[in-house]
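Enquirer: I would like to see how this sequence folds:
(2 chains)
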Amino acid sequence: MSVLSINDLRLSFKGLRGKTDVLHGIDLSIAKGERVALVGESGSGKSVTARIVLGLLQELRNARISGDVLFEGQALAAMTAKSRADLRGTDMSMIFQDPTSALNPTFTIGRQFAEVLRRRDKTLSAETCATRAADALAETEIPDPARVLASYPFQLSGGMNQRVMIAMALANRPKLLLADEPGTALDVSVQAQTLKLMHRLVADHATAVLFISHNLGVVREFADRVYVIYRGRIVEDGPTAAIFAHPRHAYTRALLDAVPRITGAGLPDVPEVSDAFLAPHISHGSGS
Amino acid sequence: MDPPHSLFFFRTEPPMSPILRLLLRRLGISVIVLIGVSMLIFVIARIIPGDPARIALGPNANAEQIANLRAEMHLDDSLPVQYANFVVDVLRGDLGTSLYTNRPVTLDIAQFLPATLELVLLAGIIMVGVGLPLGILAARHRNRWPDHLVRILSLLTVSAPSFVWAVILMLLFAFYLPLFPVAGRISDVYEIERVTGFLTIDALLMADLAVFADALHHLILPAVALSLSGIGQAARLTRANMAETYEKPYIEMAQAFGFFPNRIARIWAFKPSLIPSLTIIGLDFAAMLGNAFLVEAVFAWPGLSRYGVNVILRKDLNAIMGTVLIIALTFLIVNIIVDLLIALLNPRIRHSTRGGEA
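Expert: Coordinates of the predicted model:
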C-alpha cells in the first residue's frame, strides 16, 4: 500500500473576480520509503499540493478542493480537521525552503524542538525532550548539540539551521516527509551537504519523501521517481533515470534544456509558453 | 592591520552584558532629559505672567510686603542664579515650600503621588491584562467575527478620551446603577495607617480585608476609565503585529508541525509580535499619568494630578516644578522598564555583542 496516493486532485481559489483554477487533476503516488520528486516552475502548483497533503489548505475558506488524497489508505477529505491536524508533526512533517526564517527567532532551538517532540508524546518531561533532541541533532552530524539547543536561530549558520530543521522533521519518525525546495536559500555547497544528509537519514528510517523542487540537478541525485508538473497538470512521470535520459514531453525537454551547463554554452533559450507544453500526460510507468 | 575595535585601546576589561550596558545608557540619557525638563519648566514658570509673591500674599498685601517676599523667594536674582539655586536645592532633596498648602513640596508629593500611582498602575495592569488577550483573540481568528468585534470595540474605546469615559462610567455604574462609589479613595468609616500610601497595599498590611475591598471598590471605576483607550490601543496593536507575524514562515512551520492553533497564537506568534508593540504600550502607560489629571478631577481622586492642577492655577512655582519633575521622572522610569523588558524578550538584543540598538 502506498503511503500517499493522490487521484484527480483539483484545487481552485474563490476570489472577488470569480474562481481561479490552480490544480487541474493531479495523480501521484508514493510507496513506503520511496523518494518522489515533484518538479516544475514557480506557480505550477507544487507547493499547494504539499499543503493539501498536510491539510493546511483545507482550513482556508476560499479554497475549493476535490479529488482524493489518501494517506496510508485513509481519505483526508473524509477526516475531521482535528484528525488531519493530528497527523501533522507526527506521521507527516515538512522541511521548508529557508531554514533560518522557518525557525521562530524569539525561542531557543531547544524550546522549539521540545514542542515538536511533544506532538508525539505530550507527557515528555523537559529533560527527556532535551536528551531526545540532542540525539536527533547528533544524527544530523551537529557537533555540539547541547550548545545548539541553547541557541537562537539567528546565532546559527544557515546550514546548521537546516540540519536542525531536518532533525526536527524526522524526530517523530514520520511516514511521509514533505520537503518544499529544501535549502534553496542556502549556499550551493551547504545545500548539497544537507541534502546528502537528508538522503541518508530518510533511507535509514525508510521515510517516504515528497520532494518539491525546480532544481533538476538536485532532483536527479535525490529522487527515485519524478513527476513533472506544469500549470497545475502532471505532464510526465517516471523513474528518475528514464525521465532524464529520455524526456518525452515537450515541457520536460524544455525544463532540462533550461539548466545552464557548467561547460558554458551561454544561457539556454527557453520559450515562455508553447502549445506543446499543454500536450497530454506521458507516463514512463513505475519502472520498479 | 589592527582590528577596528583596538582603536579603543583603553577598553581592556571584558565586555559588559548587553542588558547592563543598555541600562547604563538609558540612565545616562535620562539624566540629560531630566536636566532639560527642569530648565524648560523653570523658564516657562518664570515667563508666564503674574507675580507669584503677589498671588501668594493675596489682594490686600502692600508693596513692601510683596518686595520682602520676593527677596525671600530670590525672585529678584537673575534667572541663571535662580536656576542654580533650584538645582542645588533639588539635589539636597528640597523642592521648596508650596504657597498653596504652606508645606514642603516634597511632603505634598509624598502624600498625593501614591494615590495617582495606585490608580495608574491598576489602569496599566487592566490595559495589559485585557488589551493583550483581546488582541491575541482577534489575531487568532483573523477576519472572523471575534476579530471584527474586537476591532469595533477597540476603535470605540480609542476614539473617546479617558475623561469622557470617566463621566460615562460614573453615570452608568455609580449613578443609574449604583454599583460603585462616585468619588474618593475610601469610605469615611475606615481609618487607614499610611505606610506606602497605596491604600490597597496598606489595607493588606493591616490585614484588614474589608478595608482592602473598600479601597479596591473605589479604585475600579476610575482605573477602568483611565485604561479603556489604552485597552483598545493595546488590542489593536497586538492584533496588527500578530497578523503580520502570522504571515511569517515560522508560523507556517508551526502549523505544518501541528502545533495547536491556540498555542500558536498565545506563544509562537505572540512573543515575536509583542516586541514591537511593547514600546507603544509603554508610552501609552506613561501617558496615563497625564490622562489621570482629568480622570482624577471627575472622580475627586486626591492624587498628584489634582494637586498639579490646583498649584498651576495658583502659580505656585515650587509646587509646579516639583510636580512636573516627579511626573517626568516617573515617565523616564517607565521608559527604562519598557526598554529592559524589550531587551529581555528579544534575544537579539540580549545576545548582541554590539549593545542595545534595536
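Enquirer: switch to C-alpha atoms for all contacts and neighbour counts from now on
Expert: OK.
Enquirer: around chain A, pick out the residues from the stretch 251-358 of chain B.
Expert: Counting by C-alpha under 8 Å from any C-alpha of the partner chain, the positions of the stretch 251-358 of chain B adjacent to chain A are B:251-253, B:255-259, B:268, B:271-272, B:345-348.
Enquirer: how does it look with 7 Å?
Expert: Proximity of the stretch 251-358 of chain B to chain A is assessed by C-alpha under 7 Å from any C-alpha of the partner chain, with B:Met253, B:Ala256, B:Phe257, B:Gly258, B:Lys271, B:Pro272, B:Asn346, B:Pro347 identified as the residues in range.
Enquirer: just give the nearest non-adjacent residue to the second one, would you?
Expert: Counting by C-alpha to C-alpha, 6 or more residues apart in numbering or on different chains, the nearest residue to B:Ala256 once its immediate chain neighbours are dropped is A:Arg88, at 6.0 Å.
Enquirer: find the centremost residue of the chain, please.
Expert: Answering for chain A, as no chain was given. Taking C-alpha atoms, centre = their mean as the criterion, A:Ala179 is the residue nearest the geometric centre of chain A, at 2.2 Å.
Enquirer: let's do chain B instead
Expert: With distances taken as C-alpha atoms, centre = their mean, chain B has B:Ala286 as the residue nearest its mean C-alpha position (3.0 Å).
Enquirer: so that one is in contact with B:Leu329, correct?
Expert: No: using C-alpha atoms under 7 Å, B:Ala286 makes no contact with B:Leu329, being 10.6 Å away.
Enquirer: shared neighbours of those two, anything?
Expert: Common contacts of B:Ala286 and B:Leu329 (C-alpha atoms under 7 Å, 6 or more residues apart in numbering or on different chains): none found.
Enquirer: please tell me how far the residue nearest to the centre of chain B sits from B:Ile327.
Expert: Relative to B:Ile327, B:Ala286 is positioned 9 Å away (C-alpha to C-alpha, to the nearest Å).
Enquirer: then B:Val105?
Expert: When C-alpha to C-alpha is applied, the distance between B:Val105 and B:Ile327 equals 14 Å.
Enquirer: the more surrounded of the two?
Expert: For B:Val105 and B:Ile327, the more surrounded residue by other C-alpha atoms under 10 Å in any protein chain shown is B:Val105, and the numbers stand at 23 against 18.
Enquirer: quick one: contacts for that one?
Expert: Counting by C-alpha under 7 Å, 6+ apart, B:Val105 touches B:Leu95, B:Gly96, B:Thr97, B:Ser98, B:Asn318, B:Ala319, B:Gly322.
Enquirer: adding secondary structure, write those out as TSV.
Expert: Conversion of the contacts of B:Val105 to TSV gives the following (DSSP: H, G, I helix; E, B strand; the rest coil):
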residue	secondary structure
B:Leu95	coil
B:Gly96	coil
B:Thr97	strand
B:Ser98	coil
B:Asn318	helix
B:Ala319	helix
B:Gly322	helix
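Enquirer: so which of the residues you listed is surrounded by the most neighbours?
Expert: B:Ala319 (29 neighbours).
Enquirer: show me the contacts for that residue.
Expert: With contacts defined as C-alpha under 7 Å, 6+ apart, B:Ala319 is in contact with B:Ser98, B:Val105, B:Val311.
Enquirer: let's see it at 10 Å
Expert: Shown here is B:Ala319, whose contacts under the criterion C-alpha atoms under 10 Å, 6 or more residues apart in numbering or on different chains are B:95-101, B:103-106, B:108-109, B:307-308, B:310-312, B:325.
Enquirer: neighbouring contacts of the worst-scoring helix or strand of chain B on mean pLDDT?
Expert: Of all helical and strand segments in chain B, the minimum by mean pLDDT, DSSP states H and E falls on helix B:52-57, at a mean of 73. Under the criterion C-alpha under 10 Å, 6+ apart, residues B:45-46, B:58, B:60-63, B:65-73, B:75, B:98-100, B:314-317 lie in contact with helix B:52-57.
Enquirer: so which elements touch the following helix or strand past that helix?
Expert: Toward the C-terminus, helix B:52-57 is succeeded by helix B:63-72 as the next helix or strand (DSSP states H and E). Packed against helix B:63-72 by the contact rule (3 or more C-alpha pairs under 10 Å, 6 or more residues apart in numbering or on different chains; DSSP states H and E) you find helix B:52-57.
Enquirer: C-alpha coordinates for the helix it packs on, PDB please?
Expert: Coordinates of each C-alpha in helix B:52-57 appear next as PDB, following Å, rounded to 0.1, in the frame of the first residue of the first chain:
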ATOM      1  CA  PRO B  52       3.900  84.600  42.500                       C
ATOM      2  CA  ALA B  53       4.600  86.800  45.500                       C
ATOM      3  CA  ARG B  54       1.600  89.000  44.900                       C
ATOM      4  CA  ILE B  55      -0.600  85.900  44.300                       C
ATOM      5  CA  ALA B  56       0.700  84.300  47.500                       C
ATOM      6  CA  LEU B  57       0.000  87.300  49.700                       C
END
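Enquirer: buried set for that helix?
Expert: Judged by neighbour count (16 or more other C-alpha atoms under 10 Å in any protein chain shown), helix B:52-57 contains these buried residues: B:Pro52, B:Ala53, B:Arg54, B:Ile55, B:Ala56.
Enquirer: surely A:Leu57 meets A:Ala50?
Expert: Yes: when contacts are counted by C-alpha atoms under 10 Å, A:Leu57 is listed as touching A:Ala50 (9.2 Å).
Enquirer: out of these two, which sits in the busier spot?
Expert: The neighbour count for A:Leu57 versus A:Ala50, taken as other C-alpha under 10 Å, is higher for A:Ala50 (21 against 18).
Enquirer: ok, the more buried one - contacts?
Expert: The neighbours of A:Ala50, taking C-alpha under 10 Å, 6+ apart as the test, are A:Leu38, A:Leu56, A:Leu57, A:Met94, A:Leu177, A:Leu178, A:Ala179, A:Asp180, A:Leu210, A:Phe211, A:Ile212.
Enquirer: next one: B:Val33
Expert: When the contact criterion is C-alpha under 10 Å, 6+ apart, the partners of B:Val33 are B:Leu27, B:Met39, B:Ala328, B:Leu329, B:Leu332.
Enquirer: got it, and A:Tyr227?
Expert: The contact partners of A:Tyr227, by C-alpha under 10 Å, 6+ apart, come to A:27-29, A:36-40, A:211-212, A:233-240, A:243, A:252, A:283.
Enquirer: domain parsing of chain B, as residue ranges.
Expert: B:42-94, B:105-350 (automatic domain parsing).
Enquirer: tell me the most buried of those?
Expert: For the domains of chain B, ranked by mean neighbour count under the definition mean count of other C-alpha atoms under 10 Å in any protein chain shown, the leader is domain B:105-350 at a mean of 20.
Enquirer: hey, where'd the strands end up in the stretch 201-350 of chain B?
Expert: In the stretch 201-350 of chain B, no strands are found when defined by DSSP state E, counting those that start in this stretch.
Enquirer: on the three-state scheme, A:Ala179 is what?
Expert: Using three-state DSSP, the secondary structure recorded for A:Ala179 is strand.
Enquirer: how close does it get to chain B?
Expert: Separation of A:Ala179 from chain B (C-alpha to the nearest C-alpha, to the nearest Å) stands at 11 Å.
Enquirer: which strand residues bridge that residue?
Expert: When bridges are assigned using DSSP bridges, the partners listed for A:Ala179 are A:Ile95, A:Phe211.
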